[in-house]
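Peer 1: Attaching a predicted model along with its sequence, questions to come.
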Amino acid sequence: MATPFDEVQLPDAVITLKQGVGRLIRDADDRGVLVICDNRLVMRPYGATFLASLPPAPRTRDIARAVRFLAIPSSR
């Protein structure tokens, strides 16, 4: 049986996250780091729904890796 969370809140939250990512990366030359500090994405079953909605990109839990990525000069 579906719940209001599954039918309304979860889809709305996924759309909001996707819109935020879309504002970070607008075209193929853009770069950015998306930091999600909410551990529910890995601790709760519905977290997979959020992760599956994101565009393909490297993922890490290592802040040093993200910092190294940002330190690489842009191709622009």
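Peer 2: Perfect, thanks for sending it.

Peer 1: now the protein, which segments are flagged as low pLDDT?
Peer 2: Within the chain, the stretches with pLDDT under 70 are 76.

Peer 1: contacting residues around the residue nearest to G47 when sequence neighbours are not counted?
Peer 2: Excluding the flanking residues, the one nearest G47 by CB to CB, 6 or more residues apart in numbering is L41, at 3.9 Å. Every residue, glycine included, has its C-beta placed from N, CA and C. Counting by CB atoms under 8 Å, 6 or more residues apart in numbering, L41 makes contact with G47, F50, L51.

Peer 1: Format the residues you listed as TSV; extra columns: secondary structure and distance to D6.
Peer 2: Converted to TSV, the contacts of L41 look like this (DSSP: H, G, I helix; E, B strand; the rest coil; distance: CB to CB, whole Å):
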residue	secondary structure	distance to D6
G47	helix	14
F50	helix	13
L51	helix	17
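
Peer 1: Can I have the buried ones of these as a ChimeraX selection?
Peer 2: Selection of buried members from the contacts of L41 for ChimeraX, criterion 16 or more other CB atoms under 10 Å:
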select :50
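
Peer 1: Name the helix or strand for the residue nearest to G47, please.
Peer 2: helix 40-43 (DSSP states H and E).

Peer 1: S75 is in contact with A28, isn't it?
Peer 2: No: between S75 and A28 there is no contact under CB atoms under 8 Å: 10.0 Å.

Peer 1: longest helix of this protein?
Peer 2: helix 10-24 (DSSP state H).

Peer 1: helices or strands next to it in the packing?
Peer 2: For helix 10-24, the packing partners by 3 or more CB pairs under 8 Å, 6 or more residues apart in numbering; DSSP states H and E come out as helix 47-53.

Peer 1: quick one: contacts of stretch 51-68?
Peer 2: V14, L17, K18, V21, I25, V33, L34, V35, L41, F69.
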